[in-house]
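S.K.: Structure, please.
(one chain, ligands or ions: 1)
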Amino acid sequence: MPARLEIEGGVPLSGAVAVSAAKNATLPALATALLTARPIVIENAPALADVTTMTRLLERLGAAVTRDADGAMRVQVERVASSEAPYELVSTMRASVLVLGPLLARTGTARVALPGGCAIGVRPIDQHLKGFAGLGAEISIQNGYVEARASRLKGARITTDLVTVTGTENLMMAAAGAEGTTVIENAAREPEIADLARLLVAMGARIDGAGTARVEIEGVPDLVGARHRVIPDRIEAGTLIVAGAITRGDLLVTGVVPEHLSALLAKLAECGVTLDVGPASVRVRGPQRPQPADVITSPFPGFPTDMQAQVMTLLGLADGLSRVTETIFENRFMHVAELARMGARIETDGATAVIRGVREYQGAPVMASDLRASAALVLAGLAARGRTSISRVYHLDRGYERLEAKLAAVGARIERKPS
Ligand code: EPU
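M.R.: Residues are numbered from 1 along each chain as shown. Modelled structure (predicted):
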């Protein structure tokens, strides 16, 4: 049933709200189940559409996926039943490509649909494939599918041409099941990489340097099962923090790792947002009006592209002119036209958006185009005068667990309605 969100804006959020487990750490953690016949147990897998898509894909490949009595998700691939990730699933979720590395390591063969472009950019996977070739796989593209083969992957030194998050993860999983030592240079340093390393180590791999630009992985032939608790979702945390700020609220966001949020928190402080950072929480109090600021997205520990739309929404209300430059994806300004419908004054010129702050947004019917753009529209709706109706919220459901329930519990007037 397609749904929309109705928001009556203008309520300062107050109270405490807890962050769920990270989508982008859960997806690779689930894919590790392909590396071993023993179960992988994810203690805190969030209930998200993308997590469902990944479990459906793993079931197609032979996994038994169950929930333990305590809610933990148990994934076991005793035998790989198929090495093919079909287009119908990969086209709904690009992260499906994360099965390539572990399938190749376990069975020596993988056939995975090429994801194609998506709403935010072209997003090729050439660096994943170059890395697998470096580990000794033969790669070909046939009828829209990547076909990869290797009798036994062999450890190697791989330098990626650019920093890629899922590319680094895919190579780490392949290397964990490969013979010998792999060194990935120019590796992504996102917290999700270190989280995956923690799980692979629990499965028996030896890994050094995860979270730095040089990751060394010593493969082992018999990876074992493991239990894992994934890190909190830093993008959900950031989105909630901006919700507190943009509504001029007083919100305590709990269950966070503040070091994962450093670039965002520094930028918000620059905007005049009051932040009290605890060991695992952030209390946010919004200013009457934010100060303008310039933002440039970059790989971790830089400012995350996944927070760009949300922070632009805050800057849209700032007292002055801000510039936001998106360096990771070439088409990640889809929220701009929708924010304009709510009164924002934003002009884009290539990768840069120039934002002239307005005093307020007005509620309006708007349409979500991708996950983080949807979150930006929710934030604008929370701040706006009047009623905002957001259609296509299935984009939001891919990556935010019960967002409207969490926001309603801290005072937001937000409701899900059938479209
Ligand atoms: N790229 C290539 N070739 C490759 C791989 C990447 O040219 O082989 C380019 C991409 O087109 C992009 C840049 O490199 O311009 C960085 O892409 P990256 O591979 O790092 O992105 P990703 O791994 O596909 C993950 C997150 C995204 C997040 C980006 C950047 C997951 C499942 N997805 O994507 O999350 O935006 O890293 O931090 O981890 C989201 O959650 O909304 C989301 C889009």
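S.K.: For the rest of this, base every contact and every neighbour count on C-alpha atoms.
M.R.: Will do.
S.K.: where does the residue lying farthest from the centre of the chain fall, helix, sheet strand or coil?
M.R.: The outermost residue of the chain, judged against the average C-alpha position, is residue 151 (32.8 Å), by CA atoms, centre = their mean. What DSSP: H, G, I helix; E, B strand; the rest coil gives for residue 151 is coil.
S.K.: Which residue, other than its chain neighbours, is closest to it?
M.R.: Distances taken as CA to CA, 6 or more residues apart in numbering place residue 108 nearest to residue 151, at 5.4 Å, with adjacent residues excluded.
S.K.: in terms of contact, does the residue farthest from the centre of the chain touch residue 106 like I think?
M.R.: No - using CA atoms under 8 Å, residue 151 makes no contact with residue 106, being 10.1 Å away.
S.K.: residues in this protein within reach of the ligand, list them.
M.R.: 24, 95, 122-128, 163-167, 305-306, 328-329, 371-372 (CA under 6 Å from any ligand atom).
S.K.: List buried members of the residues you listed by neighbour count.
M.R.: Buried by 16 or more other CA atoms under 10 Å: 24, 95, 125, 127-128, 163-167, 305-306, 328, 371-372, out of the residues of the chain next to the ligand.
S.K.: Where do the helices of the chain begin and end?
M.R.: In the chain, the helices defined using DSSP state H lie at 23-31, 49-60, 87-90, 100-107, 126-134, 165-176, 191-202, 234-246, 262-270, 308-315, 334-341, 371-383, 394-397, 403-409.
S.K.: For those helices, give me JSON lines that also has distance to residue 146 and mean pLDDT.
M.R.: What follows is these, written out as JSON lines (distance: least, CA to CA, whole Å; pLDDT from 0 to 100):
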{"stretch": "helix 23-31", "distance to residue 146": "18", "mean pLDDT": "98"}
{"stretch": "helix 49-60", "distance to residue 146": "16", "mean pLDDT": "96"}
{"stretch": "helix 87-90", "distance to residue 146": "11", "mean pLDDT": "92"}
{"stretch": "helix 100-107", "distance to residue 146": "9", "mean pLDDT": "97"}
{"stretch": "helix 126-134", "distance to residue 146": "9", "mean pLDDT": "97"}
{"stretch": "helix 165-176", "distance to residue 146": "14", "mean pLDDT": "98"}
{"stretch": "helix 191-202", "distance to residue 146": "24", "mean pLDDT": "98"}
{"stretch": "helix 234-246", "distance to residue 146": "31", "mean pLDDT": "98"}
{"stretch": "helix 262-270", "distance to residue 146": "36", "mean pLDDT": "98"}
{"stretch": "helix 308-315", "distance to residue 146": "32", "mean pLDDT": "98"}
{"stretch": "helix 334-341", "distance to residue 146": "29", "mean pLDDT": "97"}
{"stretch": "helix 371-383", "distance to residue 146": "26", "mean pLDDT": "97"}
{"stretch": "helix 394-397", "distance to residue 146": "27", "mean pLDDT": "92"}
{"stretch": "helix 403-409", "distance to residue 146": "36", "mean pLDDT": "97"}
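S.K.: Include distance to residue 208 when you put those into a markdown table, please.
M.R.: As requested, those are exported to a markdown table (distance: least, CA to CA, whole Å):
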| stretch | distance to residue 208 |
| --- | --- |
| helix 23-31 | 18 |
| helix 49-60 | 27 |
| helix 87-90 | 31 |
| helix 100-107 | 19 |
| helix 126-134 | 18 |
| helix 165-176 | 11 |
| helix 191-202 | 9 |
| helix 234-246 | 23 |
| helix 262-270 | 23 |
| helix 308-315 | 31 |
| helix 334-341 | 39 |
| helix 371-383 | 32 |
| helix 394-397 | 35 |
| helix 403-409 | 36 |
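S.K.: Below-threshold pLDDT in the stretch 201-350 of the chain: ranges please.
M.R.: For the stretch 201-350 of the chain, no stretch has pLDDT under 70.
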